[in-house]
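**Student:** Predicted coordinates and the sequence they were generated for:
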Amino acid sequence: MIPELGQFALVLALTLALALGTLPLIGAAKGNAQWMQLARPAAQGQFVFVAIAYACLTYSFIHNDFSVLYVASNSNSALPLAYRIAAVWGGHEGSLLLWVLMLAGWTFAVTVFSSHLPEDIVARVLGVLGLVSIGFLSFMLFTSNPFDRLLPAAMDGRDLNPLLQDPGMVLHPPMLYMGYVGFSVAFAFAIAALLSGRLDATWARWSRPWTTTAWVFLTIGIALGSWWAYYELGWGGWWFWDPVENASFMPWLMGTALIHSLAVTEKRGSFKSWTILLAIFTFALTLLGAFLVRSGVLTSVHSFATDPKRGIFILIFLVLVIGGSLALFAWRAQRVGLGGRFEVVSRESLLLTNNVLLLVATGSVLLGTLYPLFLDALNLGKISVGPPYFETVFLPLMAPALFLMGVGPVARWKQATLPELALRLKWALGVAVVSALVLPLVMGKWTPLASLGLLLAVWIFASSAATLSARLKQTPGALGAKLRAQSLSYYGMLLAHVGIGVLVVGVTMVKTYEAEKDVKLAFGESVALGGYAFRFDAVNDVKGPNFAAQRGTISVTRNGAPVSTLYPEKRVYNVQKNPMTEAAIDSGLTRDLYVSLGEAVGDNAWIVRVHVKPFVGWIWAGCVLMALGGLLAVFDKRYRVAARVARERAQTAVAGVAS
Amino acid sequence: MRRWLWPLGIFLVLAVFLGVGLTLNPREVPSPLIGKPAPQFELPLLHDAGKTFTQKDLLGKVWMLNVWASWCAACRDEHPVLVDLAKSGVVPIYGLNYKDKRPDGVAWLKRFGDPYVLSAYDEKGRVGIDYGVYGVPETYVIDKQGVIRYKHIGVVTPRDVKEKILPLIAKLNENT
């Protein structure tokens, strides 16, 4: 009964999406206020019904209803409750439902936080979101229904993939999807602007907080995925350039370009058509990601069970939505004009250069990801493209981008001069160069790449400090007043940039100074690595709720003083039977100690893998700082003040009409 | 107008490639073993550890080698297809029980039916390595000269049997 209710709710949601995707758009085109006003209730109703469907599926999981095929395939009665709830998004159908729930949720949020917007823009934005929603809802109902029954019911479920039974993995997809789906709001604003023909700076201001919020979620989602891969896959890597990782990284790169471009459009009125194009591309890349993961055109560790019908459906959807948007863009963009002029040396041109670098970086990731498919389609053979390609291409693109990142915030809008920039940044540059030469020597080994990485990281820190101090000098008052006078979005920008620097430190240090060993250890034997001694004490059997494990005990000492005791595990889950490696990690500010168990050799010896990873935690700390920076920018009161002013103005206008 | 059409043009080219990509199967990796003699092995039988089986016993016959295990969920999906094929008597199917526990394998065949003439017991998976097994189930068709003619990765479906395996076996049986 409950699953049928859920399915019925989905059908109702689709009906509302059909109304939402058509009537308000027509109303906005014809100036029919009644049709435009349908947008909010239709969007809110859609959210309610999708939420009901989601609750129904969750209910089936909690109550172990193995007569639902999706539940039987992704859960088990021995699975702990928290994971049963998370298992809702453990497979293709349910994760799609989560995606749709979030899309409906973002649409709902737009209905709530849009009281300051003109009615026709609200109608258009919600209408475009409705069109996107039609695509996803019908995709689910026609090809991937999570409520399909399995009759007769299974005795027990096939269990959630053990790789997913982990707190990091529970949060990774929702965060990632919040990011993906959030970019559809930015897309909807861009299309609404194109449709309305009002391509001034206002649409950029409206869509900025939404875009930044989406970017924050995506940043956290990617970081969680990377962190999970690090501690869960058992060999200490944190980024693999896997097609599906790339599928999330491409919208992130493009979204990063988009939030910067939006800033220019809002403040200076420049880059107008460029910003719209970036908004379309970012959304297109999220759809492409969905296509790559769910159609099976590429092999990846993440792939869902695939079905060609699904691939065709998403592809048609992609062609309609993105092809349609780009055609609309081609038709309308010539009227947009290019906006405010600026000189070769100015903040605009620095941001534009960085934008282009990010776009090219995205393009090169896209090329590497799809290259196997291109070759196969042209019958030129089967190949796979691995990390060497991506690393070779990425570094030369990112190094100048990171350098310009330091210059941008210092440069003036419209026109800056090189001597002025040099004057402002000479200290930052000096500190960066000295650190690049000295720090690697302190770490014990000087390599060109380590030096370059540290140069860029310290450059970012120092130039951020330089821009902050220059700003404070210009502000009158005591230090506290000076600090309070700066806007939240300014601090957000600084924090996000510092986050990038922290990330660069982490990546550079791990790449250059990590040490690892695979050794055979008998009980009581030790191995020395990076100044630490790892003693292999024992392996014991332990039982978990739905798995059996062998747990090793490894004591770590440094110069005879105890540092930590680590318990890596080898688990075998009762239902799916595949062995899983649970690494044990001692995390610290400047290094992680990472051990995992390989295979048993004879009765009392194992292959043990030990790593010492300097500064690896900085990789994710950097992502957290970036996300926090984004959050600060979203909460900048400028948006709320602007919103309140607009609302008051609207109310006085209404009052004026009434009196 | 024309310069604004560039993004659309590039996107459409990309979409065509994605469409072609859908018709291809990235998992269909050409096996280097096809056309080569089947790697040699001699293994104990699953049901009788005292006896052994080697691929040489089957020279002069067209036969199928199916790699399976009781821990393999996909093997259960494939199993009825193999049972039907075995009943039809077109081709003898030999099993390679891969990285399994002996009692588990025997119990599994008892429960789901035994399509195999016999199953060789590859406890450590050494023979599997020689055959390039990278996911269970996998299926090989071997001709009368002991040469591998076909390798199938993943579940054999009734359609695979009808469209690929049966025609191939008929052809191989003609060539004496």
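**Tutor:** Happy to help now that I have it.

**Student:** give me the number of residues near the residue nearest to residue B:116 when sequence neighbours are not counted?
**Tutor:** Setting aside the residues directly before and after it, residue B:116 is nearest to residue B:95 in space (C-beta to C-beta, 6 or more residues apart in numbering or on different chains), at 3.8 Å. Glycine gets a C-beta too; all of them are placed from N, C-alpha and C. Residues near residue B:95, counting by other C-beta atoms under 10 Å in any protein chain shown, number 28.

**Student:** just checking, what packs against whichever strand or helix holds residue B:95?
**Tutor:** Assigned by DSSP states H and E, residue B:95 falls within strand B:93-98. The elements that strand B:93-98 packs onto, with contact taken as 3 or more C-beta pairs under 8 Å, 6 or more residues apart in numbering or on different chains; DSSP states H and E, are strand B:63-68, helix B:73-88, strand B:119-122, helix B:126-130.

**Student:** mean confidence score for the next helix or strand after it?
**Tutor:** Using DSSP H and E, the helix or strand that follows strand B:93-98 towards the C-terminus is helix B:102-112. Helix B:102-112 shows a mean pLDDT of 88 in the predicted model.

**Student:** Name the residue closest to the centre of chain A, please.
**Tutor:** Geometric centre of chain A, nearest residue: residue A:218, 2.1 Å, by C-alpha atoms, centre = their mean.

**Student:** Likewise for chain B?
**Tutor:** residue B:139 (1.3 Å).

**Student:** Let's verify it: helix, strand, or coil?
**Tutor:** Here residue B:139 is strand, with the state taken from DSSP: H, G, I helix; E, B strand; the rest coil.

**Student:** looking at it, it is touching residue B:68, isn't it?
**Tutor:** No: Residue B:139 lies out of contact with residue B:68 (C-beta atoms under 8 Å); the separation is 9.3 Å.

**Student:** Skip the chain neighbours and tell me the closest residue to residue B:15.
**Tutor:** Counting by C-beta to C-beta, 6+ apart, residue B:15 lies nearest to residue A:319, which is 5.1 Å off, once chain neighbours are set aside.

**Student:** Roughly how far does that neighbour sit from residue B:11?
**Tutor:** Per C-beta to C-beta, to the nearest Å, residue A:319 is found 8 Å from residue B:11.

**Student:** okay, these two: which has more neighbours?
**Tutor:** Per other C-beta under 10 Å, whichever of residue A:319 and residue B:11 has more neighbours is residue B:11, with 21 against 17.

**Student:** So which elements touch the one helix or strand that one maps to?
**Tutor:** Residue B:11 is part of helix B:6-23 when elements are defined by DSSP H and E. With contacts defined as 3+ C-beta pairs under 8 Å, 6+ apart, helix B:6-23 has these neighbours: helix A:272-295, helix A:308-318, helix A:324-336, helix A:347-377.

**Student:** right, and those - which one's nearest residue A:242?
**Tutor:** For these, the distance to residue A:242 is smallest for helix A:347-377, at 9.2 Å, taking C-beta to C-beta.

**Student:** buried set for that closest one?
**Tutor:** Residues of helix A:347-377 classed as buried: A:347-352, A:354-355, A:357-359, A:361-366, A:368-370, A:372-373, A:376-377 (neighbour count, 16 or more other C-beta atoms under 10 Å in any protein chain shown).

**Student:** do it and chain B meet at all?
**Tutor:** Yes: Helix A:347-377 is in contact with chain B by C-beta under 8 Å from any C-beta of the partner chain, via A:370, A:372, A:373, A:374, A:376, A:377.

**Student:** and for the helix holding residue B:11, what are the contacting residues?
**Tutor:** The contact list for helix B:6-23 (C-beta atoms under 8 Å, 6 or more residues apart in numbering or on different chains) reads A:277, A:280-281, A:284, A:291, A:295, A:297-298, A:308, A:311-312, A:315, A:318-319, A:322-323, A:326-327, A:329-330, A:370, A:373-374, A:376-377.

**Student:** a markdown table please, covering the residues of helix A:347-377 next to chain B and showing pLDDT and distance to residue A:82.
**Tutor:** Below are those laid out as a markdown table (pLDDT from 0 to 100; distance: C-beta to C-beta, whole Å):
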| residue | pLDDT | distance to residue A:82 |
| --- | --- | --- |
| A:370 | 87 | 37 |
| A:372 | 80 | 38 |
| A:373 | 81 | 38 |
| A:374 | 84 | 43 |
| A:376 | 78 | 41 |
| A:377 | 80 | 43 |
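
**Student:** ok, so of these, who is nearest residue A:582?
**Tutor:** Nearest to residue A:582, judged by C-beta to C-beta, of those is residue A:372 at 31.9 Å.

**Student:** Now do the buried residues in the strand holding residue B:95.
**Tutor:** Residues B:93, B:94, B:95, B:96, B:97, B:98 are the ones in strand B:93-98 that count as buried (16+ other C-beta under 10 Å).

**Student:** Just the closest of the residues you listed to chain A, please.
**Tutor:** Among the buried residues of strand B:93-98, residue B:98 lies closest to chain A (C-beta to the nearest C-beta), at 13.0 Å.

**Student:** Okay, and the beta partners of that closest one?
**Tutor:** Counting by DSSP bridges, residue B:98 forms beta bridges with residue B:122.

**Student:** So residue B:85 sits against residue B:115, correct?
**Tutor:** Yes: Residue B:85 lies in contact with residue B:115 (C-beta under 8 Å); the separation is 6.9 Å.

**Student:** hey, what's in contact with both of these two?
**Tutor:** residue B:93.

**Student:** okay, the spatially closest residue to residue A:370 that is not a sequence neighbour: pLDDT?
**Tutor:** The shortest distance from residue A:370 to any non-neighbouring residue, by C-beta to C-beta, 6+ apart, is to residue B:17 (7.0 Å). At residue B:17, the predicted lDDT confidence score is 87.

**Student:** Cool, thanks, signing off.
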